[in-house]
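sequence first, then the predicted structure:
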Amino acid sequence: MKITVIGGGPGGLYFSILTKKAIPNCQIDVYERNKSDDSFGFGVVFSDETLSEFLSRDLKSYELIRSNFAYWDDIIIARDGQTVSIAGNGFCGCSRKKLLQLLQQRCCEEGVNLHFEQNIEDVSQFKDSDIIVACDGIASSIRTQFADAFGTKISLKKNRFVWLGSTKPLDAFTYFFRTTPHGTIVAHTYQYEPGMSTWIFECSDETWQKYGFEVTNEEDTIAKISEIFKEELDGHSLITNKSHWRQFPHVTNEKWYHNNIVLLGDAKATAHYSIGSGTKLAMDSAIGLSDAVIANPTNVQAAFEQYDKTRRNTVEMIQHAALVSLDWFENMDRNNQHPFYQFAFGCMTRAKKVTYENLRLRDKSFTDKVLAEFYQKNVFPSVSSRAQSRDEVPAAFTRFKLRDLELSNRIVMSAMGQYLAENGLVNDWHLVHYGSRAAGGVGLIIAEMTAVSETGRITLGCAGIYTEEQKLKWKSITDFIHKNTQTKIGIQLGHSGRKGAAKKPWETEPIQNPWELISASPIAFNENTSVPKEMNLADMDLVTNQFILAVKNADEAGFDMVELQAHHGFLLASFLSPLTNIRTDDFGGSIQNRLKFPLRIFSEMRNAFPKEKPMSVRISASDWTENGITENDVLTIAEAFKNAGADIINVSTGNTVAHQKPQTGRMWQTPFSDLVRNTVHIPTITTGYIQDIDQINTIILNGKADLVALGRPLLLDADFVRNAQAYEQFETNDIPNQYKMGISHLYPLKAAERKQTESMKIALKPKSNKK
């Protein structure tokens, strides 16, 4: 077998070492454009987990790397002179130049042929090669030649960054944040050998422009950065090495191979340096490609298919985590408003892989500081008669107040349609459904979307609150909850709009005698639904009066809060999105015009609802498709409802149009809640694939939301909150007397389960590679 490797970076060299070791009779030639001792950049970072993988793959290269790295266990976060250290984070730093030299040495030992100062742009000269590995970097000329075949996509991210070095010694990986008159600037720093450290400076494009930085003017960059970070540098100089300001290129490829060419390293996929995974990603993929070639020595296409199958999901997960991490840094100015320990906690948990529990196991002294600061800002919860100190109270179980409404905890039950009402009347199913979740300890229930009129229902099974009988049925439920639990209950009032007259989710046939639909514009939701009538002024007057009656009925039915449905493409949401509102009158066009009717509805409801009771608005902060609602639109909408008297915004996304492409995952909608909460400065509710108490605590502590709403987790687990309280050993005082004897069973059980889980986490933590 003949293999040609184009690009002598860590990925290409490591692939060559592993493959040549396993198939000694194969010929591997590596062609590198630079000299053997050239290196652009300064240091590279590996975690204990990555080093352990190297150990299992090639002991000799592992020992060479390990003997030349600087190791640290702590991460330090510093902001304007205030500093906190977080232990339990095993990392090492190594000179990129030294890493290349060590890998080159191993290649020579294994018999890999290295060719330097060879700039390869035409692969036709290697037509006799069985495999051509294109690992020639972010700007890969080989990939560019076949960009259509690979399906290459490159997007430049917003922030500006520059890679520098310094003689400043560092005891740990350190983030230095500086608040300047022109915005926040961060230095990502780490020592990689005695007397040398890497300093990556990053800021928003706006900050970069205001400082007048120039892309290639290294002297100007050094002068300005040295002044801004003079305290952190402590008299040490900065060092350049082709240190030009850049924007990070996010590279993806739909296909990783074409004919006998396969992509590796940054040519294939990039991951932002904020999770330290650029070189790791390349070397991990080198392992995957080598494994595939070794397993299929006579079938190149089978090898490539295995490489794609075994590595793509991992690569895409790392890339997604890197983008989530990058998003935090792209919004440094917004995050910088938080108190210091919350800011540091947000930095540590930014990529979502690290959570409150992870950090508590690593360094409890840090999470104690985070909690203490959180308690200073928030109303301390009441607890049971037995003493319970502050550091034992999870953030999720602190109280929260909106107007005169005080919640016993911050866990909310999302509005979820049951589709079992008859003529809009709720029944025993709803009593048991809501009553059991209330007895189960949920802080706030938001009852399912309840129609303000008969033709405002989504299905024939939707609840209503437009008649006296409906109101009284709802009152029997709220009375039960208020009498037997401490849970508060709100109701989501809405109108289906163009998404009405639909079958129930489990039905197969459309409903008979569907009613006429109305919407902002005459656009059907999909090919199977009717084209709605565009609302006129008379329609708006009628619907406004229906909402006013509904909110009065909600108050009389005993609801503690009302939420206005303005999300997921229903009637009011259809006015807000440019995809569903193409009107040319005063209610279409600009976001200010698109807001007029929903804002009128809300204002009339607020005037009709008791002042001491809070109101929420649920919005969709993204349409998940092109030309949809913008970030500025979302902020304008939230600001407008806040000014009209909204107390909290329930931030959702999507379901505006049928052709949406949402990017889902754990806690996937929290960034939108973060945007609204910390820009408009109004409390928010977040939701979306939030599954456990650890995630809830993390979201609240890092300031992305004030309340966390659960939907599907509560459908099959009415006692989610009770189980979470037992898991946290939280001594609550709201368990009904009839159920208190269960504490002696559930709490020890959950304590044992938690201890076992934490022991497994500790056992599975990669072994320290410290010398």
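On my side now, so go ahead. All of these numbers come straight from a predicted model, not from anything done at the bench.

okay, helices next: where are they in the stretch 201-350 of the chain?
205-211, 218-228, 230-233, 278-295, 300-330, 332-335, 340-348 (DSSP state H, counting those that start in this stretch).

for these, give me JSON lines that also has mean neighbour count, mean pLDDT and distance to Ile138.
Glycine gets a C-beta too; all of them are placed from N, C-alpha and C. Below are the helices of the stretch 201-350 of the chain laid out as JSON lines (neighbours: other CB atoms under 10 Å; pLDDT from 0 to 100; distance: least, CB to CB, whole Å):
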{"stretch": "helix 205-211", "mean neighbour count": "17", "mean pLDDT": "98", "distance to Ile138": "19"}
{"stretch": "helix 218-228", "mean neighbour count": "16", "mean pLDDT": "97", "distance to Ile138": "20"}
{"stretch": "helix 230-233", "mean neighbour count": "15", "mean pLDDT": "97", "distance to Ile138": "29"}
{"stretch": "helix 278-295", "mean neighbour count": "24", "mean pLDDT": "93", "distance to Ile138": "10"}
{"stretch": "helix 300-330", "mean neighbour count": "18", "mean pLDDT": "95", "distance to Ile138": "14"}
{"stretch": "helix 332-335", "mean neighbour count": "18", "mean pLDDT": "97", "distance to Ile138": "24"}
{"stretch": "helix 340-348", "mean neighbour count": "23", "mean pLDDT": "98", "distance to Ile138": "26"}
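
okay, the ones you listed in CSV with distance to Tyr257 next?
Formatted as CSV, the helices of the stretch 201-350 of the chain follow (distance: least, CB to CB, whole Å):
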stretch, distance to Tyr257
helix 205-211, 35
helix 218-228, 39
helix 230-233, 45
helix 278-295, 10
helix 300-330, 4
helix 332-335, 38
helix 340-348, 37
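
closest one to Val5 among these?
Closest approach to Val5 among those is made by helix 278-295 (9.9 Å; CB to CB).

returning to that earlier point: which of the helices of the stretch 201-350 of the chain sits closest to Gly645?
The minimum distance between Gly645 and the helices of the stretch 201-350 of the chain falls on helix 332-335, with 24.7 Å, by CB to CB.

endpoints of stretch 557-571, how far apart?
Taking CA to CA, to the nearest Å as the measure, stretch 557-571 stretches 24 Å from start to finish.

over to stretch 721-736?
14 Å.

what does stretch 194-207 give?
Start-to-end, stretch 194-207 (CA to CA) is 33 Å.

got the buried residues for it?
Met196, Ser197, Thr198, Trp199, Ile200, Phe201, Glu202, Cys203, Ser204, Thr207 (16 or more other CB atoms under 10 Å).

would you list those in a markdown table and tack on distance to Arg160?
Formatted as a markdown table, the buried residues of stretch 194-207 follow (distance: CB to CB, whole Å):
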| residue | distance to Arg160 |
| --- | --- |
| Met196 | 24 |
| Ser197 | 21 |
| Thr198 | 17 |
| Trp199 | 15 |
| Ile200 | 11 |
| Phe201 | 9 |
| Glu202 | 7 |
| Cys203 | 6 |
| Ser204 | 7 |
| Thr207 | 8 |
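
looking at those, which are in strands?
Met196, Ser197, Thr198, Trp199, Ile200, Phe201, Glu202, Cys203 (DSSP state E).

the third one bridge partners, please.
Taking DSSP bridges, one obtains Gly165, Tyr190 as the residues bridged to Thr198.

check contacts around it.
Residues counted as contacts of Thr198 (CB atoms under 8 Å, 6 or more residues apart in numbering) are Gly41, Phe42, Gly43, Gly93, Trp163, Leu164, Gly165, His188, Thr189, Tyr190, Gln191, Tyr192.

make TSV from those residues and add neighbour count, distance to His258 and pLDDT to it.
Below are those laid out as TSV (neighbours: other CB atoms under 10 Å; distance: CB to CB, whole Å; pLDDT from 0 to 100):
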residue	neighbour count	distance to His258	pLDDT
Gly41	17	29	64
Phe42	24	34	78
Gly43	27	34	78
Gly93	25	36	77
Trp163	21	31	94
Leu164	23	37	96
Gly165	22	38	94
His188	20	35	96
Thr189	27	40	95
Tyr190	24	37	90
Gln191	23	41	88
Tyr192	24	36	85
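
no further queries at this time; thank you.
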